[in-house]
Structures are given as structure tokens and as C-alpha cells.
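Student: Task: produce atomic coordinates for the following.
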Amino acid sequence: MKLFKLIPKVDELLEIEKIKKLLETAPRKTVIETIREELNFIREDIKKERLDEEKLYKRLNELPEKIYENAVEKSSYNLKSVVNATGIVLHTNLGRSLLNEEVMENIKKTSINYSNLEFNIETGKRGSRYSHIEDIVTKITGAEDCLIVNNNAAAVMLVLSTIARDKEVIVSRGELIEIGGSFRIPEVMEQSGAKLIDVGATNKTHLDDYERAIGEDTAALLKVHTSNYRIMGFTSDVDSGELHTLKKKYDIPLIEDLGSGVLIDLEKYGMEHEPTVQESLKKNVDIVTFSGDKLLGGPQVGIIVGKKEYIEKMKKNPLTRAFRVDKLVISALETILNYYIDEETAIEKIPTLRMLTMKIDELDKKSMDLLGQIKNLEVSKYLNINIENTESEVGGGSLPLVKLPTKAISINSSRFSTQKMENFLRKSDKPIITRVYKDKLYLDLRTIRRDEFDIIVQAIENMCKIFKGSN
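Tutor: Below you'll find the model as predicted:
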């Protein structure tokens with residue numbers, strides 16, 4: 001009973017300076033709930049005779065800090081920012097494309113004020129939310145019209161539902177791709193109401209394979225760009241330009257799902273050629289769909305461009321309302337697309353393009369600067385730290401064969417396990433997501449911003465202090 005009497009009351013703990021400070025940021029209800037939890041843990045340990053008087057006093061001295069840490073964790077957001085040190089530029093698990101401050105400022109203006117989302121200021125009547133980006137999309141791509149939905153899978157489904165419900169769509173067997181999250185083109189087609197007619201073989205499809213499959217119920221030809229994988233070796237496929245001959249001969253629309261949706265020629269920046277939206281439209285494809293948060297470098301959207309006659313029909317499809325995007329997405333996308341008016345501006349201001357095209361000398365300078373800051377901590381007796389030449393990836397189901405030469409900080413230790421270090425950095429106040437290879441920790445400078453250097457350095461210093469004390 002003596003030990004139970006030493007346990008402070010909730011009101012007494014609320015008067016401690018550290019807890020008072022906590023109440024300035026965390027909800028009072030959360031703080032009180034955390035205090036009661038911690039006190040109950042202590043009572044349970046006393047009941048089970050895990051604590052003597054000396055251990056109890058030690059536990060009580062640590063109690064304010066424990067309450068503070070747990071209450072902060074409870075009141076923090078689940079979705080949080082992290083440092084991407086993996087070198088994967090379009091990391092799907094980490095949110096793919098980044099948006100710059102200018103984009104965020106435009107989003108802020110749109111979100112904290114009323115906007116003309118569906119209001120025509122000129123006429124004073126109801127307008128269309130899509131009108132804000134139609135001009136810029138058609139100007140950049142050369143398309144007659146466009147429509148924006150919430151992702152590319154939705155774009156494909158809407159196109160097929162509008163054009164081919166209860167009818168047949170012909171697609172190469174080698175293009176029946178899985179688009180992520182176990183969702184596959186055949187399943188998307190099935191949900192749209194279209195009937196899949198697959199032709200050719202996995203590795204080879206010819207023009208006459210398509211032509212033999214065309215019949216009275218054929219509603220469209222579908223070309224799917226395999227942006228997330230490549231089949232190598234004994235292969236052949238049919239270009240959308242070749243398919244145009246069948247489209248013209250049989251008067252059926254040609255649809256192309258480009259997936260990653262690049263708007264500039266990346267070949268001039270040292271990468272393999274990726275078909276651009278503009279190239280597809282110049283081959284007389286009627287409808288092209290692509291993502292906004294991959295190589296385009298914008299928010300998550302699905303963009304549909306092409307012939308006005310088909311897109312007008314899509315705008316009247318009930319699925320369009322289910323798939324529509326909100327004002328924040330439209331605001332972000334409009335800002336991003338305006339950069340594409342000038343290619344140099346796009347490369348400079350769109351973080352995805354900036355990282356993809358970063359030169360090795362810039363990466364070398366960044367790696368030297370970060371290494372210098374880490375070595376200033378005097379942690380060399382605990383860590384082996386070096387700069388290594390390695391390779392980054394594009395990611396996000398885009399350019400799967402492209403490896404980008406990069407510089408990375410490698411860390412290993414004879415005192416701390418690599419897995420333990422990876423775990424510590426991943427669970428830091430601002431999580432640092434690294435990659436592990438051959439028992440070394442790698443921090444790839446391609447995806448690390450300079451304003452994140454201090455975060456990394458502080459985390460490594462904390463790691464060494466804690467691990468040193470536990471060894």
C-alpha cells in the first residue's frame with residue numbers, strides 16, 4: 001500500500017511545467033488519457049511486484065517525459081512528411097511526385113477562399129470545373145479537348161464505358177498489364193462494361209492479328225503502353241501509327257493508354273525515349289489517357305485528351321461525376337501545366353523533372369556537403385561513412401530499364417547493425433527512408449533536398465548517442 005500512495009494524482013501531473021507546455025499543442029483530453037494510461041501501467045507493475053521503492057521513484061522521475069512523448073505521438077497526424085533517401089524519384093509508397101512552393105501557394109489561395117470552380121465570371125452563370133485547364137492542356141498537347149479525372153485507371157474506365165459498353169475492344173495480349181495494387185487492364189475493362197478481345201501472343205503481336213479480330217461488335221482498338229515493364233528478346237508489337245490504318249479502314253476509334261504521361265522528350269536528357277502525349281496524338285490516336293503524378297510531375301489525376309466528339313460524350317457519362325477532381329487538384333494541375341509552356345521552366349520548377357535530370361557534378365557537390373556535415377559530428381569511431389557511385393531509379397511504373405548514375409552516402413558500423421540503424425532513421429521525428437544493400441545503409445543524394453541535410457545530420461547524431469549508451 002505504501003508504494004500506491006506515492007503515485008501522483010492526475011491534477012498534480014497537470015501542474016508540471018513540461019505537461020503545461022504539452023497542453024499548448026496537444027488536446028487536453030489526449031493528455032489526460034495518456035496520464036491515466038501511464039499511471040495504470042505503474043499500478044499494474046506494483047501489483048505484480050515488478051517495482052520496489054527505488055525503481056518506482058526512478059519511474060516517477062521519468063513519467064513527465066514519457067507522458068509528453070506518448071501524448072505527442074497520439075496527437076500527431078498519421079500521414080506525415082518523410083525524407084526520401086532511396087533514390088527512387090517517383091516512389092509510389094512515398095507519394096510519387098512532389099509539388100513546389102509555388103504550387104502549394106496557389107492551392108492555399110484556392111482553399112482558404114471561395115473560388116470560381118463552377119462559376120463563369122464573364123457571364124455570371126454556372127460554368128464547368130474543367131474549363132480552367134482545357135485551354136492549357138490543349139495548347140501543350142495539341143488535342144482538340146480534354147477531361148480530368150482522379151487517376152489513370154478511372155480515365156481508362158471512363159473512356160471504355162463511354163465508347164464500348166457491351167461491345168468489344170481489341171487489345172494485344174502482351175499489353176494486358178497489371179497497373180498496381182493488383183488491378184489489371186482486363187479487370188478495369190470488365191468494370192467498364194467493355195468486352196475484352198485479346199490478340200497475338202505475349203511476346204509478339206502483328207497488325208493482321210488485330211484485323212482478323214475486327215467484327216460487327218468491335219467498338220475500339222486499344223493500345224496500352226507498357227510503361228512499367230519491358231519484354232526483351234524475340235518480340236514485336238504494333239505501333240499506334242500502324243493501328244491508324246485499321247482505324248481508318250473500319251471507322252473505329254483508336255485509344256492509347258500511355259500510363260506515365262510524359263510531355264517532354266526525355267531522351268535529350270540522357271534517358272531512353274519514352275513516347276510523349278504529343279507524339280501519340282500526331283499518330284492520329286483518337287483518345288490518349290495518362291497519369292498526372294508520374295513523369296508529368298503533378299498531382300494524382302488521370303488526363304484524357306483527344307477528339308472533341310468522344311470527350312463531349314464522356315462529360316455526359318454519370319461516371320464522370322464519380323471520378324471528378326476537386327478544386328485543390330485543379331489548382332495544382334493548372335500551375336504545373338503552365339510550367340510546360342517553356343521546357344526550361346518545367347525542368348527547373350517541377351521537382352520530379354529537376355531530380356530526373358540532375359547532373360552528376362551537382363550530385364557530387366551535394367554528397368560532399370552532406371558528408372562534411374556528418375563528419376563534423378565526430379562519429380567516425382562508430383560509423384564508416386563514404387561517398388559511393390551508385391544508381392537511382394525513376395520508379396512509379398515509369399522507364400523500368402533506366403538507371404540514373406548518382407552519388408550516395410554509404411554507412412555501416414562494426415558496433416551497430418545496419419538493420420538497427422535503418423530502423424532508427426525510419427522512426428525518427430521526421431522519418432528518413434533509406435535503402436539497404438549488402439549490409440550498408442545508403443542515402444541517395446538525387447532524392448534528398450538540401451533543406452533536409454540538417455534533419456539527416458541531427459538524426460545520425462541522435463542515433464549514435466542512443467546506440468553508444470546502449471552498448
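Student: The closest residue to residue 390 other than its chain neighbours and residue 210, how far apart?
Tutor: Spatial nearest neighbour of residue 390, excluding adjacent residues (Cβ to Cβ, 6 or more residues apart in numbering): residue 408 at 4.9 Å. Quick note: C-beta positions are derived from backbone N, CA and C, even for glycine. According to Cβ to Cβ, to the nearest Å, residue 408 and residue 210 sit 46 Å apart.
Student: So for these two, which sits in the more crowded spot?
Tutor: residue 408 (29 against 25; other Cβ atoms under 10 Å).
Student: Give me the helices and strands touching the helix or strand that contains that one, please.
Tutor: Residue 408 is located in strand 403-412, with elements delineated by DSSP states H and E. Applying 3 or more Cβ pairs under 8 Å, 6 or more residues apart in numbering; DSSP states H and E, one finds that strand 403-412 makes contact with helix 360-375, strand 384-395, strand 440-444.
Student: in this structure, which helix or strand is least confident?
Tutor: In the chain, the helix or strand scored least confidently by mean pLDDT, DSSP states H and E is strand 178-180, which has a mean of 65.
Student: got any ranges where the chain has weak pLDDT?
Tutor: Under the criterion pLDDT under 70, the flagged ranges of the chain are 1, 179-183, 227-235, 468-471.
Student: which helix of it spans the most residues?
Tutor: helix 53-75 (DSSP state H).
Student: Contact partners for residue 352?
Tutor: Counting by Cβ atoms under 8 Å, 6 or more residues apart in numbering, residue 352 touches 89-90, 97-98, 295-297.
Student: ok, it to residue 329 distance?
Tutor: 16 Å.
Student: Regarding the nearest residue to residue 319 once chain neighbours are set aside, what is its secondary structure?
Tutor: With Cβ to Cβ, 6+ apart as the criterion, residue 319 has its nearest non-adjacent residue at 5.2 Å, and that residue is residue 158. Three-state assignment for residue 158 (DSSP: H, G, I helix; E, B strand; the rest coil): helix.
Student: Please name the residues that touch residue 158.
Tutor: Listed by Cβ under 8 Å, 6+ apart, the contact partners of residue 158 are 147, 149, 192, 304, 314, 317, 319-320, 323.
Student: Export these as a markdown table, with columns for secondary structure, distance to residue 10 and neighbour count.
Tutor: Below are the contacts of residue 158 laid out as a markdown table (DSSP: H, G, I helix; E, B strand; the rest coil; distance: Cβ to Cβ, whole Å; neighbours: other Cβ atoms under 10 Å):
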| residue | secondary structure | distance to residue 10 | neighbour count |
| --- | --- | --- | --- |
| 147 | strand | 57 | 28 |
| 149 | strand | 51 | 26 |
| 192 | helix | 58 | 21 |
| 304 | strand | 58 | 28 |
| 314 | helix | 60 | 22 |
| 317 | coil | 58 | 17 |
| 319 | helix | 54 | 16 |
| 320 | helix | 54 | 19 |
| 323 | coil | 50 | 21 |
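Student: just checking, next helix/strand downstream of the helix or strand hosting residue 222?
Tutor: Using DSSP H and E, the element containing residue 222 is strand 218-224. Using DSSP H and E, the helix or strand that follows strand 218-224 in sequence is helix 240-250.
Student: What residues are bridge-paired with the residue nearest to residue 390?
Tutor: Note on residue 408: beta-bridge partners residue 388, residue 444, judged by DSSP bridges.
Student: what sits against residue 358?
Tutor: By Cβ under 8 Å, 6+ apart, the residues touching residue 358 are residue 446.
Student: I'd like the distance between it and residue 8.
Tutor: For residue 358, the distance to residue 8 - Cβ to Cβ - is 55 Å.
Student: swap in residue 157?
Tutor: Residue 157 is 60 Å from residue 8, by Cβ to Cβ.
Student: Compare the two and say which one has the larger neighbour count.
Tutor: residue 157 (25 against 15).
Student: thought the more buried one was touching residue 188?
Tutor: Yes - applying Cβ atoms under 8 Å, one finds residue 157 in contact with residue 188, separated by 5.3 Å.
Student: got the residue ranges for the strands in the stretch 251-400 of the chain?
Tutor: For the stretch 251-400 of the chain, the strands defined by DSSP state E, counting those that start in this stretch cover 254-259, 287-291, 302-306, 384-395.
Student: how does the chain divide up, domain by domain?
Tutor: 2-75, 83-92+356-470, 99-346 (automatic domain parsing).
Student: how distant is whatever helix or strand comes next after the strand holding residue 408 from the center of its chain?
Tutor: Sequence-wise, the next helix or strand downstream of strand 403-412 (DSSP H and E) is helix 418-426. Relative to its chain's centre, helix 418-426 lies at 23 Å (Cα atoms, centre = their mean, to the nearest Å).
Student: Direction included, what does the helix or strand following helix 418-426 pair against?
Tutor: Sequence order places strand 432-433 as the next helix or strand after helix 418-426, per DSSP H and E. If you go by DSSP bridges, strand 432-433 pairs up with strand 83-84 (parallel).
Student: got the contact list for the strand it pairs with?
Tutor: For strand 83-84, the external contacting residues (Cβ under 8 Å, 6+ apart) are 91, 94, 430-433, 447-448, 452, 455-456.
Student: Could you rerun that using 7 Å?
Tutor: Contacts to strand 83-84, defined as Cβ atoms under 7 Å, 6 or more residues apart in numbering, come from residues 91, 94, 430, 432-433, 447-448, 452, 455-456.
Student: cool, and stretch 460-468?
Tutor: 374, 377, 379, 382, 416, 421, 424-425.
Student: Check the offset of that stretch from the chain's centre.
Tutor: With Cα atoms, centre = their mean, you get 31 Å for stretch 460-468.
Student: Now it: buried residues?
Tutor: Burial within stretch 460-468, assessed by neighbour count using 16 or more other Cβ atoms under 10 Å, is assigned to 460, 463-464, 467.
Student: same deal with stretch 451-459?
Tutor: So, applying 16+ other Cβ under 10 Å, buried residues of stretch 451-459: 452-453, 455-457, 459.
Student: same question, stretch 391-406
Tutor: 392-399, 402, 404, 406.
Student: Show me the two of those residues that sit farthest apart.
Tutor: Largest separation among the buried residues of stretch 391-406 by Cβ to Cβ: 397 and 406, giving 20.0 Å.
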